[in-house]
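>>> Need a 3D model of the following:
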Amino acid sequence: MKRFSDFAAPSSILDGDKIRIDDVLNVELIIIGYKVAQSKYEKNKSGNCLTLQIELNGVHRVVFTGSDVLISQIELYAAEIPFIVTIKKIDRFYSFS
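Numbers count the residues shown, from 1 in each chain. A predicted model of the protein is given here:
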């Protein structure tokens, strides 16, 4: 008899308590997963929302943002996950550094 884990795809659920992006600015953290989906609020040009799963001080957390810059950066470097990053606020936008 097969086990569910033998044929099921790994879960894409991002676990961890929500944390505000402003609470992790200029702090070194680990990106361990992400998801891009249509935003409910559409405040950005793309209309997308980025959910980042991070590890901060050994704890899994989740950050939500509509930053088009972060969305394009995470999609460009998704193959490198997990990686250590610092999120910076430059004028009116966020960027990985």
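>>> What ranges in the protein fall below the confidence cut-off?
Within the chain, the ranges that satisfy pLDDT under 70 run 9-12, 42.
>>> Helix or strand: which one has the residue nearest to the spatial centre of it?
Among the residues of the chain, the one closest to the centroid is Leu52, at 1.4 Å (Cα atoms, centre = their mean). Using DSSP states H and E, Leu52 falls within strand 48-56.
>>> could you check the angle strand 48-56 makes with the helix or strand that that strand is followed by?
Next along the chain after strand 48-56, taking DSSP H and E as the criterion, comes strand 59-65. When axes from the mean of the first three to the mean of the last three Cα atoms, to 10 degrees is applied, the directions of strand 59-65 and strand 48-56 differ by 160 degrees.
>>> Just checking: what are the partner strands of strand 59-65?
strand 17-18 (parallel), strand 48-56 (antiparallel) (DSSP bridges).
>>> hmm, who's touching the longest helix along the chain?
Taking DSSP state H as the criterion, the chain has its longest helix at helix 68-76. For helix 68-76, contacts defined as Cβ atoms under 8 Å, 6 or more residues apart in numbering pick out 31, 34, 36, 44-46, 48, 50, 52, 87, 93-96. Placement of C-beta: from N, CA and C, glycine included.
>>> quick one: buried residues of that helix?
Judged by neighbour count using 16 or more other Cβ atoms under 10 Å, the buried positions of helix 68-76 are Asp68, Leu70, Ile71, Gln73, Ile74.
>>> longest strand anywhere in the chain?
In the chain, assigned by DSSP state E, the strand with the most residues is strand 28-38.
>>> Tell me what angle it forms with strand 59-65.
Using the same axes, to 10 degrees, the inter-axis angle of strand 28-38 relative to strand 59-65 is 50 degrees.
>>> Give the other helices and strands that strand 28-38 contacts.
Packing partners of strand 28-38 (3 or more Cβ pairs under 8 Å, 6 or more residues apart in numbering; DSSP states H and E): strand 48-56, helix 68-76, strand 83-90.
>>> then it to CSV, C-alphas only?
Only the C-alpha atoms of strand 28-38 are listed here, as CSV (Å, rounded to 0.1, in the frame of the first residue of the first chain):
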residue,chain,number,x,y,z
GLU,A,28,19.7,40.2,8.5
LEU,A,29,17.2,37.4,7.9
ILE,A,30,16.8,34.2,5.9
ILE,A,31,14.4,33.9,3.0
ILE,A,32,13.1,30.3,3.1
GLY,A,33,10.0,30.5,0.9
TYR,A,34,7.7,32.8,-1.0
LYS,A,35,4.4,33.1,-2.9
VAL,A,36,3.2,35.7,-5.3
ALA,A,37,-0.6,36.1,-5.7
GLN,A,38,-3.2,38.6,-6.9
